Each structure stands twice: as C-alpha cells, then as structure tokens.
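A predicted structure for the sequence below; I have some questions about it.
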Amino acid sequence: MITKRYACNPILMPTESNSWELEASFNGCPIKDGGKYRLFYRALSTPQEIGEAKLNVSSVGMAISRDGKIWKSREQVIRPEFEWEKYGCEDPRITKIGSKYFVCYTALSQYPFGPEGIKVGVAITKDFKKWEKHPVTTFNAKAMALFPGKVKGQYAAVLSVDTDRPPTTKVGLALFKKESDLWSKKFWNNWYKKLDKNLIEIPRNPEDHFEVGAPPIKIKEGWLLIYSYIRNYYNPDKETVFEVQALVLDAKNPQKILGHSKTPLMVPEKEYELYGKVPNIIFPTGGFIKGKELHLFYGAADSVCCATTFKIKDLLENIFSPHLNAFSLDRYKKNPILEPKEENPWEARSVFNSGAIYEGGRFHLIYRAESNNFVSVLGYASSKNGIDFDYRSEQPVYLPRKDFEKNDRGQYYGCEDPRLVRIGNKIYMFYTAFNGADKPRVALSSISVKDFLNKKWNWSEPFLISTTDRSNKDACAFPEKFRGKYLIIHRLNDYGMDLLYSKDLNFSEEKLNHETNWIVPRKGKWDSRKVGLNGPPIKTKEGWIILYHGISDIDSHYRIGAILTDLKNPEKIIARTENPILEPIEEYELNGNVNNVVFSCGNVLVKDKIFVYYGGADKVLCVATTTVSKLLKEIKKSIEE
C-alpha cells in the first residue's frame, strides 16, 4: 500500500508554551468547520500530583488550521474535572451530527490504571466554548467514535471493548434511538449483556490486538473504518509491530464486513515514528476525504501528530482485490513450461528455479532438477521465443563434483538455484552448494559462451565463494564493473541482501562472508521475514531493476518484488515496490513440494520485454512477462513526493 506522508510531518509537536502539553501532543482527530479545520488531540502534561499519585496527565487540546497542515491557536478544551475522568482524558475522536460536535475520549478514573478505571467519556459542544460532559460506558472500553450519519435512523457508534482484559479485546457496534442513550447506564448494561450479538467480527490472530482508529468515513461503497492492528501484542517472544489496517462496512448494516485490507496501510518507518516516548508506534485517530485522497491523521511514537495521504482508488483495491496487488507480471497461460519427468530419475521429483540467458537468438535455461532422493543437479532447455521450449537435455549438464556439494549417503545434497550472467566471453554461474551436512554456501563455475552455445558442457572447476559456517544463498554479479570492481549481491544468514565489491571473480582478496544488509525485510509487509535476489540485475535507462523474493512473517508465502537502483551507483536505492509483482495464486504455485511459492533465479531482457522464469511451489518451472516501461511505472509508485 502506497502512502504519501505530509512533507511537514510532524504537523504538531509538544510545546514549552503550555505545561499541559509539554511532554507530548499526539493522536489527533481533525474535523472541518466552515473554511477551516479543527484538530483535537491528546496532550500530555509535565508530572502533576493528584492525591497521592504523581503522573503525566492527559487532556484534550484543540488547534486550528486553514489548510490542514499548519496548525495554530492551540488551547486545552477538555481536561479532567470529575471523578470518572480524574486521572486523564485520552485519545479524542470528534464527529459532527446535526449542529452538535461529539468528542468521545478515554476517561481514566483509577490509578494505577486498570480495566475498571478505563472507560469512555463524551464531551458535546455547539461552539467549542461551552461543553457538556458525560461518562459513557459502564465497562472497560476505549477508542469510541460516532458515525457522522445515522444508521437505520439511529445514532451509531463503534468502540473497542475489554481492551485492557487481554486477550479478549473486541470491537462492537452500538445503535442509539436518542442522544441521551449515549450516556445511559441502563442502555450500556443491556448492550454489554448482549455483547456477542453486537460485535463486528474483525479477523484477528489470537496473538494480535486491535483497536478502533479513526471515526467511520462514508464512501460510496459503505463505511470506511481505519483501525490499529498490533501484531504479536500478546506474544513476548516475537517483535510487536504496529500496523494501520482498513475495513469497509455495509452502509445499512455496519456489522457486516464487505472487505478488509490485504496488507497494512502503514507501519512505522520514519524517524518520528521510530523514536519518541514510546518507540515504533503509529496509531490512526482521524481523517477526512479531499478529492480523490484520504487524509489520515495518526500519532507517532506517542509523541507527535502526523498525517499522510492515500489514493482512494489504491485503498479500495487493497480492500476488495483478492490479491495483494492489482499489478502483476503476466503469466504464460500454458504454464508450467517445464515439469518433472518420471522417466528421468534425475528430474523425477522437481524441475524448477532456473537461471536464464539470451544468446545466439535463443533463450537458454539452466534449471534445477531434483530426484526422488532429494539430489539436485542441473538440466538445460532452450527456446526461440522464450515460452515454447523445443530442446531439453536428456541428461544433466552439471553435476555435483566437490565435497562441499555432495555426500556418500546418496541423498539430500546437490547444486541448487543457478543464476547466470555473461561477463566478457564467459557465462558465470553462481549457485547454492549443499552437501547435506554444512550450511548452504555459494559456489561459482563458468563456461565459455562458445562452448555453452555448442552444448559442450566444459564447466570450470567450481569453488566456494562463501566460506563461513553461516548460510549463504541467492548470489549473482552485476554484468558490468563499478569503479573498476565487480559487484556481487548475496544473502548471508537468511535475512537481508548483502553487497560485496571484488577486484576479480576469483575472489582472491575477499569472499562473501560479511553482512551489509543493503536490502532488508520490512516489518508488517509481504517481505517481512527475509529477502533475496532473483535473477541478475537488469540494466535500463532509468537505473538497474533488481527482482527479489520476499517471505512473509504472517503467512510464510514466497512472493516477488522489484527494486530500482541508480545506474552509476547501484548501492543507491531509488524505489522499491510497496506490493509484490507476483504472488502464488495459481494451482501450480499453491500446491507442490513446498506450497505457496513463486521463486525466480533467472530473468531475460529482450528489447523492452522482460521474461521472468520462476519455480512454482518448488515443483515446476513457469514464466511470466512484462515490459520495462510497465515495471518501472509500478516501482516508481512508491517514491514519496
């Protein structure tokens, strides 16, 4: 999901001018008022004594803006006054209904804080000067927001229930016949007794937590609800990740979910989101639609107010599309292009993950073939058009020869996942060598272009170019030098993509033994667990296109994305696709030896067309295509203006 954060972020910060907001000013909720905007936000004071307690107290501030970006005239409008809100007023959400403005907020009545003292309060005004306040819920709840229009002729509210009684947090819908029901104890006691019938069943992993974010926004498709999803909140062994997610609820029956976001709208990435009073937090609290964009306001690191925009079209595609990205490489309709052959024992189990190169007017594949005893060797196939392969070797063209890629047990070893690149008059093959005992490592062999085209498989003696006891895979060199040196991409330790400059391809000075984490996984996204190179980098006028695979922490699926780097300095990243450009959706990608996998080792550029060869579910070999112009357009969508 592509978001464009405001260039002026943070839009609101703590100020020394006001002691009531000296510590933090965050979680803002905007509303349009005539020709200006008002922003209601949580303000955190310097430590204050309340009875025997001394704590930073939350209140609600208000700021005014003409453009929604520059905020002035800050004042404290809602502060603790009554016993039911004695220890703080947090996280306001404002909604206008008729001539009145309703500000729902979290009211704290106990300290130390606990479920019985965390409930919802409301403040109502017509002029932002005189306020009428009421306690609302009779049970633990927070993050309540009113709908800006009636539902079935009634007032409606969405709220988070039992948020402080882990792990039973829920999101519910309440309908009120009259305004005073909003603060009626009788109403809320009855509503809570029937809680199960009042829930909005938002999908949630048991280890995760969620809360209502912004007040619902009316769109043509229904009610847009932006909410906070906190991954691994109840699992101390995993890293907690704060995400922004979205739902569309039915206009007439908001308990019915019409669609939900497939990927997070946002995760913490910017410095002001990563560092603050509580690091690594983004929390959505308000927004509005202007033109074709959603302007979303959120708190960052529990310290400052920020805002960002999303194109409504992109947001709805994320919610309603069955896949993570509306854009995709074009699969060949007759995939797979190569499959295992039972009559050939060496390729009876799998034929997949091929290196690829275009030479002599033909497409050439060196593919990984696996026997039923899990020994990997390499086969060969070629084609005139890159899709219909009219030649396929009857015997392997490359076999394990060294102890680092074979064993005496006759199983679980071999040469895996070849990547081919032509440099000078040679074709270099980087591949994963595995002997069944040591960690996988990178090996290198080469062959003259002449021998390759004549199918004389005179490969040079292979040698290891990663020599530590740590796993190393997914390696290949750029097809040209930079500053007089070769540049190699690889992945050490099954995490990020690393770089090494080498004066030669004998690796006489240094091997691939150091992590640089040039490209790393992104929290909360489709490539959150690990990433690795696909085929060799593709040179274009606008930079190097680098295809890569990513594995998700959420579902463990393998997907393909793309990166654009500077032409002269490939270390400089220009853009990276927000969403995958290929994901497992076809039967041959979903089910096989390893389910839910698309994995590429080879790509070929012919004129403006890119051919991407990939393994489907670690069993068959497939191809998908696109043009350079289409792919560049997709990659550059992620560039923030």
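On my side now, so go ahead.

what strand or helix carries the residue positioned nearest the centre of the chain?
Nearest to the mean C-alpha position of the chain, by CA atoms, centre = their mean, lies Lys525 at 1.8 Å. Using DSSP states H and E, Lys525 sits within no helix or strand.

equivalent analysis for the one 10 residues further on, please.
Using DSSP H and E, Gly535 sits in no helix or strand.

thinking it is in contact with Ala356, fair?
Yes: in this structure, Gly535 is within contact of Ala356 by CB atoms under 8 Å, at 6.6 Å. C-beta here means a position set from N, CA and C on the backbone, and glycine is covered the same way.

quick check: neighbours shared by those two?
Common contacts of Gly535 and Ala356, defined by CB atoms under 8 Å, 6 or more residues apart in numbering, comprise 601-603, 613.

of those, which pair is most distant in space?
Maximum pairwise distance among the shared contacts of Gly535 and Ala356 (CB to CB): 8.7 Å, between Cys601 and Asn603.

more neighbours, the two?
Between Cys601 and Asn603, counted using other CB atoms under 10 Å, the more crowded position is Cys601 (33 against 25).

doesn't Ile639 fall inside a helix?
No: looking at Ile639 with DSSP: H, G, I helix; E, B strand; the rest coil, it is coil, so not inside a helix.

numbering from 7 from now on, please.
Got it, the first residue is 7 from now on, which makes the last one we talked about Ile645.

over to the spatially closest residue to it that is not a sequence neighbour: give its phi and psi.
Ranked by CB to CB, 6 or more residues apart in numbering and with sequence neighbours excluded, the top spatial neighbour of Ile645 is Ala581, at 5.0 Å. Main-chain torsions, Ala581, degrees, to the nearest 10: phi -160, psi 160.

what's the neighbour count on Ala581?
Ala581: 19 surrounding residues under other CB under 10 Å.

mind listing what it touches?
So Ala581 contacts 569-570, 641-645 (CB under 8 Å, 6+ apart).

do Asn195 as well
Thr144.

let's see that with 10 Å instead.
Contacts of Asn195 were listed using CB atoms under 10 Å, 6 or more residues apart in numbering, and they are 143-145.

beta partners for Pro53?
Residues in a beta bridge with Pro53, per DSSP bridges, are Asn62.

check the gap between it and Glu81 for me.
Going from Pro53 to Glu81 by CB to CB, to the nearest Å gives 22 Å.

then Asn499?
53 Å.

the more surrounded of these two?
Using other CB under 10 Å as the criterion, Asn499 and Glu81 rank with Asn499 on top: 14 against 11.

and the nearest residue to the more buried one once chain neighbours are set aside, what does it touch?
Using CB to CB, 6+ apart and skipping residues adjacent in sequence, the residue nearest Asn499 is Arg476, 5.4 Å away. Neighbouring residues of Arg476 by CB under 10 Å, 6+ apart: 445-447, 498-500, 519, 521.

show me the helices in the stretch 57-206 of the chain, by range?
For the stretch 57-206 of the chain, the helices defined by DSSP state H, counting those that start in this stretch cover 191-199.

helices or strands up against the host helix or strand of Cys35?
Per DSSP H and E: Cys35 is located in strand 30-39. For strand 30-39, the packing partners by 3 or more CB pairs under 10 Å, 6 or more residues apart in numbering; DSSP states H and E come out as strand 42-56, strand 59-71, strand 94-103, strand 106-114, strand 288-296, strand 299-306, strand 310-317.

much appreciated, bye for now.
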